[in-house]
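# Build the 3D model from these lines:
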Amino acid sequence: MANRLTRHYVLSAVIILGLAVFTLHWTLERSLDARDRAQVLSKVQVLQTLLREHFDKPEILISEIEHEAAENQALRYYLRILDAQGVTLMETTGMRQVLPPSIFPPAAPVAITRFAGGSGALFEHQTFLLASVEAIAGGGPSRKRSLQVGLELTPTIVLIESYHRVLLAVLVGGAALMGLAGWVIARRGVRPLWDLADATRRVTASRLSERVSGQQWPAELGHLAGAFDEMLVRLEDSFRRLTDFSSDLAHALRNPINNLRGEAEVALARARSTEEYQQVLASSLEELERLSRMIDGLLFLARSDDARVAIQRVTLKARRELEAVREFYDAVATEGKVTLRCEGEAAFQGDPMLVRRAVSNLVGNALKHTPPGGNVVVTAREEEGGGAEISVRDDGAGIPAELLPRVFERFFQVDKSRDLTAKGAGLGLAIVQSIMRLHGGEARVESVLGRGTTVTLRFPGSRHPVS
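Purely as a prediction, here's the structure:
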């Protein structure tokens, strides 16, 4: 990245500097050319004035012509006066060898041209600005004259070439300095990226608590560092959940397997009667059923985590679904001396099998944690937009407030004794949350110690987006 930035910086700088150099060079050439043309026209006007006012005094004209040739060395002019037939009347000494009359353009009010290379060996690399104009001697039309003026441009060309070399040196030197400056600036600019990379290298699976946003980063990298820290928080939480999940899964599987092994060892310790073997097999079958339900729950959770899973939605009458669940658990409620009833009406879109499973898990949990004489109430309430809320409220012991955020975790048990044999594997609420996620809804839990727990399922309506 630093090298790419340096190349782009140098390329941009060279283009800008090159445009500046070209503009300066072009402007200088245009300015000098305009100056030279103005000087030639000025000399032409002087000669026209002398011819018009002093045509009968040739010594004045000769003095002007020879004066330019002898004294004004910075700007060397060559002057020539011809009559109407093209015969030279007077000219600067040596002009014929350098600028013969034939190389000048035809006389006109104003005719200026550029000529490179004189006819003499000494002047073959010289450049001249030539002007050929008409003039009148003394104002009479019969006294037509032609004026030929040549201005040597060697000083101007030398100046331009010197300026050109200076500009070229500036361009090359400037490109080199800009390249060095660009390299230094790019390295300093990407240095925070290297620091950020070094900070991220320190993050490992065992050091997910590392954070990179504590340093003073540039504004652009500050957002990146913040996003990276947010990712680390999610990863740390995922690793913690995975560790807890592995521990809970091992514990959940250990109990039924130990029970199966213990019963088998006891049964094989000595000869048993047929009835005793049947009891061992029946007990083993119960443990196997628990394992089967646990595996089914884990498979369901794994499938529900796939974002591509789609469910079939139909219009459901909430009261009818709730009554079906109540009838299923009515015998359990009667045995536990718990009053189970349904209230309210609502219609919403959902998968009937999944909805019944979610409500069944909640009712089963509520009956387990409600003492005799308590109540479990399942309520349906319709919301605006076609949605619905289904809540299951019990009179149980409640859940401590610090544990409420974890109740939907897999294998989580409020009971610190982790007695999974009596209370299940702790997958019920996790399955409920997965079902609600598939419906695009949410599950909320509220609880007060000593007064009971309420779990609310919110199903979105048709006007709510379903993820």
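
# OK, contacts around Glu66?
Glu66 sits next to Thr92, Thr93 when contact means CB atoms under 8 Å, 6 or more residues apart in numbering. Yep, even glycine has a C-beta here, placed from its N, CA and C like the rest.

# which sections of the stretch 101-250 of the chain are below the confidence cut-off?
The stretch 101-250 of the chain contains residues with pLDDT under 70 at 110-111, 117-125, 139-142, 208, 212-215, 217, 220, 244-245, 248-249.

# now the helices: where do they sit in it?
154-201, 219-269 (DSSP state H, counting those that start in this stretch).

# next one: the stretch 351-467 of the chain
352-369, 420-423, 428-438.

# Those helices into CSV, with extra columns for mean neighbour count?
Output for the helices of the stretch 351-467 of the chain, formatted as CSV (neighbours: other CB atoms under 10 Å):
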stretch, mean neighbour count
helix 352-369, 21
helix 420-423, 14
helix 428-438, 22
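
# For these, which has the smallest mean pLDDT value?
Out of the helices of the stretch 351-467 of the chain, helix 420-423 stands lowest, with a mean of 44 (criterion: mean pLDDT).

# helices or strands next to the helix or strand that contains Ala331 in the packing?
Assigned by DSSP states H and E, Ala331 falls within helix 318-335. If contacts are counted by 3 or more CB pairs under 8 Å, 6 or more residues apart in numbering; DSSP states H and E, helix 318-335 sits against strand 339-343, helix 352-369, strand 375-382, strand 388-394.

# one step back: turn the helices of the stretch 101-250 of the chain into a markdown table, including distance to Gln413 and mean neighbour count.
Below are the helices of the stretch 101-250 of the chain laid out as a markdown table (distance: least, CB to CB, whole Å; neighbours: other CB atoms under 10 Å):
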| stretch | distance to Gln413 | mean neighbour count |
| --- | --- | --- |
| helix 154-201 | 37 | 14 |
| helix 219-269 | 8 | 14 |
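
# and those as JSON lines, adding distance to Ser12?
Shown next, in JSON lines, are the helices of the stretch 101-250 of the chain (distance: least, CB to CB, whole Å):
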{"stretch": "helix 154-201", "distance to Ser12": "9"}
{"stretch": "helix 219-269", "distance to Ser12": "20"}
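
# So what touches the helix holding Ala331?
339-342, 344-348, 352, 355-356, 359-360, 363-364, 367, 376, 378, 380, 382, 388, 390.

# so that helix versus helix 352-369, what angle?
30 degrees (axes from the mean of the first three to the mean of the last three CA atoms, to 10 degrees).

# in the stretch 301-450 of the chain, what spans have low per-residue confidence?
301, 304-310, 415-425.

# Can you list the buried residues in stretch 284-300?
Using 16 or more other CB atoms under 10 Å as the test for burial, stretch 284-300 gives Ser284, Glu287, Arg290, Leu291, Met294, Gly297, Leu298, Phe300.
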